[in-house]
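Chemist: A structural model of the following input is requested.
(one chain, ligands or ions: 1)
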Amino acid sequence: MDKVVSLAKRRGFIYPSSEIYGGIAGFWDYGPLGTELKRNIKNEWWKSMVQRRTDVVGLDASIIMNPQVWKASGHVESFSDPLVECKLCHKRFRADKKEEVKEHAKKEHPDVKVEWTEPRAFNLLVKTELGVVEDKKLEAYLRGEITQGVFVNFKNVLDSNRVKIPFGIAQIGKAFRNEITPGNFTYRSREFEQMELEFFIAPDETEGVKWFEYWKKTRLDWYLSLGMNKVHLRYRDHADDEKAHYAKHATDIEYHAPFGWSEFEGIHHRGDWDLTRHKLSYKNDEGKEFVPWVIETSGGVDRSTLFFLLDAYFEDGKRVVLKLHPKLAPYKAAVFPLVANKEELVDVARKIYDNVREEYMVAWDDRGNIGKRYASQDEIGTPSCVTVDYQTLDDQTVTIRDRDTAEQKRIPIDGVLSEIRNQQL
Ligand code: GAP
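Modeler: You can find the predicted model right below:
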């Protein structure tokens with residue numbers, strides 16, 4: 001974990017937010033490479049969940065909604081964590097995180113017996129105020145899950161699109177939670193991104209089981225298709241006492257992180273909870289009106305980004321390699337002129353670089369020895385390095401080196417783009 005956190009900072013994947021002012025707990029900024037990685041994860045998700053399906057449409061709802069939404073959805077009443085407070089230093093902890101509570105007493109107050117308050121519910125919704133007149137400000141919430149934007153637009157989507165049950169509405173966007181104990185790097189943040197599907201089905205037990213199982217498998221397969229190691233993934237069903245207020249059944253997809261098995265996507269059977277609370281329904285072709293059930297897949301973009309990074313980190317002798325799937329790698333290739341002060345080499349390399357970056361993100365490096373340049377690209381997960389050398393000037397070929405095997409071969413300049421395209425298949 002420490003190695004990945006330090007790599008993330010050093011190479012520009014993830015920085016603490018507002019660091020020059022001491023940072024702020026639970027907030028993170030994505031640097032140039034982290035932005036690309038996160039964007040690639042979201043693009044792949046969108047392709048598989050919307051673009052390549054005929055039964056899902058997309059949505060992009062606002063972050064702040066009428067506060068009534070959160071009353072109807074049950075979040076004002078029930079979206080809370082049980083908290084205990086240390087009576088000595090007034091630090092608060094989640095009552096269900098027994099290890100953290102013990103650790104605090106041992107580390108911070110080793111010589112005294114720590115007393116704790118009884119657990120109290122602490123609402124996670126982040127409040128804000130709108131308007132300019134002081135005593136007429138409207139109290140609103142930053143959305144605690146992106147989900148409600150889908151439900152409040154259910155009728156709009158039905159009226160403006162030819163969708164029929166079973167169908168889904170997908171969305172990616174920011175959510176905010178007043179987490180009491182943000183931590184484990186980006187894992188528990190106060191601002192984070194979700195990628196979610198709300199899939200509407202007929203209110204029928206058999207349909208419910210069928211689609212719940214379908215989405216469980218489809219979502220796990222997606223992580224495997226992008227190279228996550230199978231042994232680092234597992235399902236975990238929620239016990240009755242840990243289910244969210246809206247869930248009939250819930251299964252998490254967990255990753256075997258250095259800090260233990262950790263949820264990063266939830267498959268939830270929300271039944272008719274949300275549409276009923278918003279007084280919405282659906283009429284089928286026969287004119288029968290009913291409240292559909294919802295199967296939800298809710299993944300965290302930041303948690304996926306962290307776990308893709310952890311899963312891809314390898315040390316191979318002295319070499320550090322991020323074996324990210326080529327579809328996720330921030331740069332798809334790097335182009336090097338063998339030496340920076342030989343104009344003919346630089347000109348050819350520039351042409352290759354300009355040509356490839358019309359289609360893909362490509363790195364350019366002309367500093368230092370070639371071995372160091374390879375090492376630098378391995379560490380950020382660039383799948384291919386293309387080097388223009390003296391032979392290139394004679395026979396119009398370049399070397400292309402593979403990140404994972406470190407093997408090199410010569411290919412014609414004309415073949416560089418198709419070589420990179422093939423990796424993206
Ligand atoms: N709409 C359902 C929902 O929001 P959730 O299990 O509370 O369900 C879904 O959240 C996903 O959102 C989680 O699996 C996780 O990936 C991400 N997530 C939730 N809280 C988070 C936090 N504090 N920091 C980072 N990601 C978080």
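Chemist: only C-alpha atoms for contact and neighbour calcs from this point on.
Modeler: Will do.
Chemist: Pretty sure Ala363 sits against Val335.
Modeler: Yes: applying C-alpha atoms under 8 Å, one finds Ala363 in contact with Val335, separated by 6.3 Å.
Chemist: And those two? Which one has more around it.
Modeler: Neighbour totals were compared for Ala363 and Val335, and Val335 leads with 24 against 17 (other C-alpha atoms under 10 Å).
Chemist: three-state assignment of that one?
Modeler: Classification of Val335 using DSSP: H, G, I helix; E, B strand; the rest coil returns strand.
Chemist: Same check on Asp347?
Modeler: helix.
Chemist: ok, it to the ligand distance?
Modeler: 45 Å (C-alpha to the nearest ligand atom, to the nearest Å).
Chemist: pLDDT value on that residue, please?
Modeler: Per-residue confidence (pLDDT) for Asp347: 97.
Chemist: need the contact list for the residue in the stretch 201-350 of the chain that the ligand sits nearest to.
Modeler: Per C-alpha to the nearest ligand atom, Gly300 is where the stretch 201-350 of the chain lies closest to the ligand, at 3.1 Å. Applying C-alpha atoms under 8 Å, 6 or more residues apart in numbering, we find Gly300 in contact with Phe192, Glu193, Gln194, Met195, Phe264, Glu265.
Chemist: Quick check: which of those residues are also close to the ligand?
Modeler: Restricting those to those near the ligand by C-alpha under 6 Å from any ligand atom leaves Phe192, Gln194, Phe264, Glu265.
Chemist: burial of the first one, as a residue count?
Modeler: Right, the one you point to is Phe192. By other C-alpha under 10 Å, 22 other residues sit near Phe192.
Chemist: Kindly report the residues of the stretch 251-400 of the chain close to the ligand.
Modeler: Checking the stretch 251-400 of the chain against the ligand by C-alpha under 6 Å from any ligand atom, the hits are Glu263, Phe264, Glu265, Gly266, Ser298, Gly299, Gly300, Asp302, Arg303.
Chemist: Can you flag which of these belong to strands?
Modeler: Mapping those onto strands (DSSP state E) picks out Glu263, Phe264, Glu265, Gly266, Ser298, Gly299, Gly300.
Chemist: Pick out the most distant pair among the residues you listed.
Modeler: Glu263 and Ser298 (10.7 Å; C-alpha to C-alpha).
Chemist: higher neighbour count, the two?
Modeler: Ser298 (25 against 22).
Chemist: wait, doesn't that one sit right on Glu193?
Modeler: No: with contact defined as C-alpha under 8 Å, Ser298 does not count as touching Glu193 (10.4 Å).
Chemist: Which residue lies closest in space to Thr251, excluding its sequence neighbours?
Modeler: In space, and not counting its chain neighbours, Thr251 is closest to Asp237: 4.2 Å by C-alpha to C-alpha, 6 or more residues apart in numbering.
Chemist: Show me how this structure divides into domains.
Modeler: The chain is divided into the following domains under automatic domain parsing: 2-73+125-311, 80-123, 333-423.
Chemist: first to last residue in the first one, what's the distance?
Modeler: It refers to domain 2-73+125-311. Chord length of domain 2-73+125-311, first to last residue, is 14 Å (C-alpha to C-alpha, to the nearest Å).
Chemist: does the residue lying closest to Phe13 once chain neighbours are set aside count as helix, strand or coil?
Modeler: Leaving aside its chain neighbours, Phe13 sits nearest to Gly34 (3.7 Å; criterion: C-alpha to C-alpha, 6+ apart). Three-state call for Gly34 (three-state DSSP): helix.
Chemist: Now Lys327: which helix or strand?
Modeler: According to DSSP states H and E, Lys327 maps onto no helix or strand at all.
Chemist: how far away is it from Gly208?
Modeler: In terms of C-alpha to C-alpha, Lys327 sits 33 Å off from Gly208.
Chemist: how near is the residue nearest the centre of the chain to Ala175?
Modeler: Most central in the chain under C-alpha atoms, centre = their mean is Val301, positioned 1.1 Å from the mean C-alpha point. According to C-alpha to C-alpha, Val301 and Ala175 sit 11 Å apart.
Chemist: Pull up the overlap in contacts between the two.
Modeler: Phe192, Glu193, Gln194.
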